[in-house]
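Participant: What follows is a predicted protein model with its sequence.
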Amino acid sequence: MWTMPAILGLILGIVGAVGALGVIELRPQLNVTPQGQLAPGQPFTAPFQLTNTGYLSTHIENVIMLYPIVELPGDNKIFDAAMGNVEWDNFDVDRGESKTIVANFTNGMPTKAEIVLGVDYDFLWMKWRWFFRFEGVHMDNWQWSRQPIGKDREQTLNRAMNNALLQHQHANQRH
């Protein structure tokens, strides 16, 4: 039997579900795409294009490039390095707009490398973070291939990002 409370509950449930889906649809949608190398034989000169593919303008607090592992010829290995740049901090990207991130981390052709772009942004008066992971793939030439993050790595990446932000902010205060 349909009672007034049952009908109202059904209507409110539908309205709430539609509202929640609307908020999910309006949340920032960011995408990062690697571009071609600026210098031949130098994979770390490749720009990364950060694009807002969502419906609303988004404020980016900062972008940090994390380098969990870079192996260079001659048994040279770099672990857990990071790079920030004041030009990558505090900017807005409107719908469909992009910002190019270029970090010339090191010279030389690596044998193995991984880059993770950590992006802090504001949404609904809160701070959020996304990670975009890329592995180097050597085919005819070096290319950055997007890879999943994996839930088991998020905690480690968050720690690395927080440490890099502290160092980045400290370096900016000295200048």
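Facilitator: Alright, I've got the coordinates.
Participant: In the sheet, which strands lie alongside the lengthiest strand in the chain, parallel or antiparallel?
Facilitator: Using DSSP state E, we find that the single longest strand of the chain is strand 58-72. Counting by DSSP bridges, the strands paired with strand 58-72 are strand 76-84 (antiparallel), strand 91-93 (antiparallel), strand 112-123 (antiparallel).
Participant: Quick check: buried residues in the longest one?
Facilitator: What that stands for is strand 112-123. Ala113, Glu114, Ile115, Val116, Leu117, Gly118, Val119, Asp120, Tyr121 (16 or more other C-beta atoms under 10 Å). Placement of C-beta: from N, CA and C, glycine included.
Participant: The first one is in contact with Pro68, isn't it?
Facilitator: No: under the contact definition of C-beta atoms under 8 Å, Ala113 does not touch Pro68, with a separation of 9.1 Å.
Participant: chain center to the longest strand of the chain: distance?
Facilitator: Averaging C-alpha positions (C-alpha atoms, centre = their mean, to the nearest Å) puts strand 58-72 7 Å from its chain's average.
Participant: Enumerate the positions of that strand that are buried.
Facilitator: So strand 58-72, judged by 16+ other C-beta under 10 Å, has buried residues 58, 60-68, 70-72.
Participant: and what of stretch 137-149?
Facilitator: Neighbour-count burial for stretch 137-149 [16+ other C-beta under 10 Å]: Trp142, Gln143, Trp144.
Participant: so what's the first one bridging to?
Facilitator: Just to be clear, that refers to Trp142. Beta-bridge partners of Trp142, as defined by DSSP bridges: His138.
Participant: circling back: the buried residues of stretch 137-149 into TSV, with extra columns for pLDDT?
Facilitator: Formatted as TSV, the buried residues of stretch 137-149 follow (pLDDT from 0 to 100):
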residue	pLDDT
Trp142	81
Gln143	85
Trp144	90
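Participant: any chance of the buried residues of strand 58-72 in JSON lines, plus distance to Lys151 and pLDDT?
Facilitator: Putting these into JSON lines (distance: C-beta to C-beta, whole Å; pLDDT from 0 to 100) gives the following:
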{"residue": "Thr58", "distance to Lys151": "24", "pLDDT": "90"}
{"residue": "Ile60", "distance to Lys151": "24", "pLDDT": "93"}
{"residue": "Glu61", "distance to Lys151": "23", "pLDDT": "92"}
{"residue": "Asn62", "distance to Lys151": "23", "pLDDT": "91"}
{"residue": "Val63", "distance to Lys151": "22", "pLDDT": "93"}
{"residue": "Ile64", "distance to Lys151": "20", "pLDDT": "91"}
{"residue": "Met65", "distance to Lys151": "21", "pLDDT": "92"}
{"residue": "Leu66", "distance to Lys151": "17", "pLDDT": "91"}
{"residue": "Tyr67", "distance to Lys151": "21", "pLDDT": "91"}
{"residue": "Pro68", "distance to Lys151": "16", "pLDDT": "91"}
{"residue": "Val70", "distance to Lys151": "24", "pLDDT": "89"}
{"residue": "Glu71", "distance to Lys151": "25", "pLDDT": "87"}
{"residue": "Leu72", "distance to Lys151": "30", "pLDDT": "83"}
